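Engineer: I'll drop the sequence and a predicted model, then ask my questions.
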Amino acid sequence: MSSVSYEIYPSIGIARVGDSVEVDNDFFIGPEAPGVISEKIETYRDNRGNVKRQAARFRVYQFTKDDNGNITKVKEMTSANSTIKWKAHLANRKAAYRFFDPELDENGKWIMRNPNVEDRKSLIIDAGEQTSPTTQGERKALSGKFMGEEVYLGDLLTDKDGRLLVLGGRGITKSPTGKKIYDWANNDEWYDDISDGPISATIEIEGQEKPINIKPAWVIVSVPSFAPGIENIVSLYDQALQVASLMDSSWTPSEKPSFAKDIYPILERTANLQWVSPAAMGGHGSGKSNILDPRAVMRLASNSNDDKIKSMRTHIFSRLTPPNLKCKVRDMGGMPLLKAGLNPENPLTAIRMSLTPIQYEIMRKWSEGEFISDWQKENTAPSFDEIPVAEQPNALNKAALEACVGGPFHPGIECSYAIALPETYSEPFRICEGTIAGGLTEIMALPWHTDFKNCDDTWWPSQRPTLVTTDGEEYHYWSPEFPTKVEGFENMIDKWGELGFILKKGEKFLEFPKEK
């Protein structure tokens, strides 16, 4: 006898803050098909030049399984065939959480932010569980209080097909007590409007007596991605996939990796960092080794054991940093040329930034010619509507998390090292039910703006660029230097919306500054 179940996808959605307040033009929908992003500046800025918010869109899928538990049919549920009632619970717990870098006091307890505030609840901006409007275009504002001051965290709304859209805040940070900003990660009596929390829903179908509960999802509201077309070498999807393979063997990669699907993306991400990172530009910039040159790609895509071809593969692999090497925070190893971060298994220690074990094993097999040579000159990623319905749920997961930074975790960009721990998940890619709202972002820098200013080196150039160019020739620092750190922090707080987006134009990624 077949069975039917319902699940929300993506299981982890990503929204981003923006300072736009234009009516009906203040947001865009985040990536939903792997490898497909907009290259138009109008997507990211409104008519006034302000940064649009990125909405996380959630869908419901129906899964029909046979007696053996095999999926026989997948169908998306919309307002055309059902009534979906959505709920979301967003919260920001940063000010009530522990100090970053994580430190222990003399009694072996974590040092907390705002240690002198006895009413710890007053430090948590909690919007509570809220129901989304069902009328298209109508919005439900989400807010909570910080030390008695009302803080806006975003909106809930639905699209024309009844899918949920979650919008985050507008990138605002403030101290209600008027305290001056002073630190890159821990500013007592300050708040920002980053958040995260669970997404739940019930579905009503004609002929069913009662509403049906749907397997829930999670949303993370993060900072803007200023280089949306440049993916980090290790993404949050790679980290979540690593955990998934430990939880369920069906997520273990195939014996022979595909060059087009598994290997080329790693090479491409490595080479594209040249447009936002001086360290990467030193190895792959103008006049250097361009591994994305079509002729080079054809050689790298060959699993031939010809001496010249094999030596290219083995040389690149030899430059990779093996996973899980202990070191000091901020140390750098080989590729990827990024700073070291916290060890997810013990945040009091550090490990070098590296590919995940799955990625590293893929590259090892590639270096030895143990891969499928399936490269074609045209490897265009399909749009979401071109993806078969049965493959859409996993595509939504991948698209959302591939666009996020999977390390180094110090503390991170979209999410902390919790994303790399098995105990965070109830099943592959799905956050444990009962996880507290705000729990995935609570260790992040407070406010995010100070970390964004401070990390003007080789930390996360794919989201927070370092060195950029408007013409492909002359490079300049993306975030201007200031005489003191405090002045830099204050300027980032006031002017982050004026920072340029880095978008692809031809074969180059160029900065598009905000028009004055």
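Structural biologist: Happy to help now that I have it.

Engineer: count the residues that sit near the nearest residue to residue 370 once chain neighbours are set aside.
Structural biologist: Beyond its immediate neighbours in the sequence, the residue positioned closest to residue 370 (CB to CB, 6 or more residues apart in numbering) is residue 256, lying 6.1 Å away. (Each C-beta comes from the backbone N, C-alpha and C, glycine too.) Neighbourhood size, residue 256 [other CB atoms under 10 Å]: 14.

Engineer: give the rounded mean pLDDT of stretch 166-179.
Structural biologist: Averaging pLDDT along stretch 166-179 yields 98.

Engineer: gap between the two ends of it?
Structural biologist: Stretch 166-179 has an end-to-end distance of 31 Å (CA to CA, to the nearest Å).

Engineer: again, but for stretch 102-113
Structural biologist: End to end - CA to CA - stretch 102-113 spans 11 Å.

Engineer: ditto for stretch 253-260
Structural biologist: In stretch 253-260, first residue to last residue: 14 Å (CA to CA).

Engineer: dihedrals phi and psi, the residue nearest the centre of the chain?
Structural biologist: Centroid-nearest residue in the chain, with CA atoms, centre = their mean: residue 404, separated by 2.4 Å. In terms of degrees, to the nearest 10, the main-chain angles of residue 404 are phi -120, psi 160.

Engineer: who's in contact with it?
Structural biologist: Remark: with contacts taken as CB atoms under 8 Å, 6 or more residues apart in numbering, residue 404 is in contact with 14, 222, 232, 235, 236, 237, 413, 414, 415, 463.

Engineer: can you pull the pLDDT of the nearest residue to residue 259 once chain neighbours are set aside?
Structural biologist: With CB to CB, 6+ apart as the measure, residue 301 is the residue that lies nearest to residue 259, at 4.8 Å, once sequence neighbours are left out. Here the pLDDT value assigned to residue 301 is 93.

Engineer: same check on residue 284?
Structural biologist: So residue 284 comes in at 57 (pLDDT).

Engineer: begin at 597 from here
Structural biologist: Done: numbering now begins at 597, and the last item shifts to residue 880.

Engineer: roughly how far does residue 986 sit from residue 670?
Structural biologist: Relative to residue 670, residue 986 is positioned 4 Å away (criterion: CB to CB, to the nearest Å).

Engineer: circling back to that earlier point, look up how far residue 630 lies from the residue nearest to residue 966.
Structural biologist: Residue 852 sits 20 Å away from residue 630, taking CB to CB as the criterion.

Engineer: what of residue 669?
Structural biologist: Residue 669 sits 23 Å away from residue 630 when distances are taken as CB to CB.

Engineer: ok, these two, which is more surrounded?
Structural biologist: Taking other CB under 10 Å, residue 669 and residue 630 do not tie; residue 630 has more neighbours (23 against 13).

Engineer: quick check: the more buried one touching residue 996?
Structural biologist: No - the pair residue 630 and residue 996 does not pass the contact test of CB atoms under 8 Å, sitting 9.5 Å apart.

Engineer: kindly export stretch 618-635 (C-alpha atoms) in CSV.
Structural biologist: The C-alpha trace of stretch 618-635 is given here as CSV (Å, rounded to 0.1, in the frame of the first residue of the first chain):
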residue,chain,number,x,y,z
GLU,A,618,10.5,50.9,-2.0
VAL,A,619,7.0,49.5,-2.2
ASP,A,620,6.8,46.3,-4.3
ASN,A,621,10.4,46.7,-5.4
ASP,A,622,12.3,46.1,-2.2
PHE,A,623,13.2,42.4,-2.7
PHE,A,624,14.2,39.6,-5.1
ILE,A,625,13.9,35.9,-4.7
GLY,A,626,17.1,34.0,-3.8
PRO,A,627,18.7,31.3,-6.0
GLU,A,628,16.4,28.3,-6.7
ALA,A,629,18.3,26.5,-9.4
PRO,A,630,22.0,25.5,-8.8
GLY,A,631,24.4,27.6,-10.8
VAL,A,632,21.7,30.1,-11.9
ILE,A,633,22.0,33.7,-10.6
SER,A,634,21.1,37.1,-12.0
GLU,A,635,23.8,39.2,-13.6
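
Engineer: where does the stretch 897-1046 of the chain dip in pLDDT?
Structural biologist: Low-confidence regions of the stretch 897-1046 of the chain, defined here as pLDDT under 70, do not occur.

Engineer: identify the residues contacting residue 994.
Structural biologist: Residue 994 sits next to 630, 833 when contact means CB under 8 Å, 6+ apart.
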